[in-house]
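Participant: predicted model follows, preceded by the sequence.
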Protein chains: 2
Amino acid sequence: MKAEDRRKSAVAAALTEFARGGYEGTSTEAIAQRVGVSQPYLFRLFPNKRAMFLAAALRCAELTRDAFVAAAKDLPPDADVEAVKEALGAAYLELIGDGELVMMQMQMQVATYQATLAGDLEFGETVRRGWTDLVDTVRLLFSGDDEATGEFMSEGMLINVLTALNYPSDDRIWRCVVQ
Amino acid sequence: MKAEDRRKSAVAAALTEFARGGYEGTSTEAIAQRVGVSQPYLFRLFPNKRAMFLAAALRCAELTRDAFVAAAKDLPPDADVEAVKEALGAAYLELIGDGELVMMQMQMQVATYQATLAGDLEFGETVRRGWTDLVDTVRLLFSGDDEATGEFMSEGMLINVLTALNYPSDDRIWRCVVQ
DNA sequence: CACGAAAGTTAGTGACCAATCACTAGCTGA
DNA sequence: TCAGCTAGTGATTGGTCACTAACTTTCGTG
């Protein structure tokens, strides 16, 4: 297989593994096994583990953004804020069903904090670039409405948390977020 | 020093260290150094590392809840939803200033997901108990208003994310959340 | 077919880490 | 005074992990 293709499937594998285990909780061996390649070979495709995580994080933001864009494609051009919210919300619940992208988002967030504390400023800059891009896309889909964008993103973040904490879907805590 | 007191300061030290490094990214040695005690002695105070994390997570939820309760104490008994929101919001920003409790919340969330995946159901149950307690307290402060509670918690979660990602306070992304 | 590069492997290293064990200093009460 | 308990330590161990070096295999092409 060509190195470029191998790299792509390595990013996908890294996304899955890092989403489950976080940065420190994931071994490069686990990623290698998922790709179906020896562990040292990963270091031919990436300079180090950190680069694998960054590539997975950026891919994650890209996939999330794509899901939103795809969901908005089906909307009429004159859709109001509530209609957009519903469409994007449905797309987000689809993402949650898997859990992978949601957890990768959260792992990325805590890893960014840690990297920044450790003096690695580039890590944060790269992640923020991907996330700003995502939010800008959502804002655009809401026709530039900051308030709607904020409400949508906020509710999304709460859903992330409740999902991570594994609250059963009939728990009364969900009454805060879905009616 | 009495073991009970030592345990308390160990929980505080664990809270600080786990908030910075996450579960896997924190060594028991780091916690021990912060307490000012040898690493093996921690295992006299807790059965294992997981128990240290759980104790820190519960303490974190407790401290957050206490901050909200304290903030609401200053309110007149007939305060409306917006006034409560403002008071609790101010208290939350105070918590964020430190960053410790916010990050511990997030570390707790991803750790719960990982523990659940690994088949450790008790971990999630314990964390959810602490978090449900926190949300119930907030709901009570909002006089049982589910919608206001949801909005407040949602916005809090988005603030957590933007804080973790270390967005500078003048970044336009904050326009989504604070006006 | 020959050959060079690209793709991939095996073997290994130094560092770190959770947890255990055997031990000791100091206090307390009879 | 001394038995027993509490607080605490040093040394160690079995295991994991990121990363490197050196080697082999596969494949496209003149």
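Facilitator: Arrived safely. Numbering: from 1, shown residues only, chains lettered A, B, ... in the order given.
Participant: could you dump whichever strand or helix holds A:T137 to CSV, C-alpha only?
Facilitator: Assigned by DSSP states H and E, A:T137 belongs to helix A:121-141. Presented in CSV, the C-alpha positions along helix A:121-141 are these (Å, rounded to 0.1, in the frame of the first residue of the first chain):
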residue,chain,number,x,y,z
LEU,A,121,1.9,26.6,22.2
GLU,A,122,1.8,25.2,18.7
PHE,A,123,-0.5,22.4,19.7
GLY,A,124,-3.2,24.8,21.0
GLU,A,125,-2.9,27.0,18.0
THR,A,126,-3.5,24.1,15.6
VAL,A,127,-6.4,22.8,17.5
ARG,A,128,-8.0,26.3,17.9
ARG,A,129,-7.6,26.8,14.1
GLY,A,130,-9.7,23.6,13.5
TRP,A,131,-12.3,24.5,16.1
THR,A,132,-12.7,28.1,15.0
ASP,A,133,-13.2,26.8,11.5
LEU,A,134,-15.9,24.5,12.8
VAL,A,135,-17.7,27.3,14.7
ASP,A,136,-17.4,29.7,11.8
THR,A,137,-19.1,27.1,9.6
VAL,A,138,-21.9,26.7,12.0
ARG,A,139,-22.3,30.5,12.3
LEU,A,140,-22.5,30.7,8.6
LEU,A,141,-25.2,28.1,8.5
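Participant: quick one: it near chain B?
Facilitator: Yes: contact between helix A:121-141 and chain B is present through A:G124, A:V127, A:R128, A:W131, A:T132, A:V135, A:R139 (criterion: CB under 8 Å from any CB of the partner chain). Yep, even glycine has a C-beta here, placed from its N, CA and C like the rest.
Participant: mind pulling up the pLDDT for whichever residue of chain A sits closest to DNA strand D?
Facilitator: Proximity to DNA strand D, evaluated over chain A using CB to the nearest atom of the strand, is greatest for A:P40 at 3.1 Å. For A:P40, the model assigns a pLDDT of 97.
Participant: which helix or strand contains it?
Facilitator: helix A:39-45.
Participant: what does that helix contact?
Facilitator: Contact partners of helix A:39-45, identified using CB atoms under 8 Å, 6 or more residues apart in numbering or on different chains, comprise A:A3, A:R6, A:R7, A:A10, A:T28, A:E29, A:I31, A:A32, A:V35, A:M52.
Participant: can you redo those residues as JSON lines with distance to DNA strand D?
Facilitator: Formatted as JSON lines, the contacts of helix A:39-45 follow (distance: CB to the nearest atom of the strand, whole Å):
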{"residue": "A:A3", "distance to DNA strand D": "12"}
{"residue": "A:R6", "distance to DNA strand D": "13"}
{"residue": "A:R7", "distance to DNA strand D": "15"}
{"residue": "A:A10", "distance to DNA strand D": "13"}
{"residue": "A:T28", "distance to DNA strand D": "4"}
{"residue": "A:E29", "distance to DNA strand D": "5"}
{"residue": "A:I31", "distance to DNA strand D": "8"}
{"residue": "A:A32", "distance to DNA strand D": "9"}
{"residue": "A:V35", "distance to DNA strand D": "14"}
{"residue": "A:M52", "distance to DNA strand D": "8"}
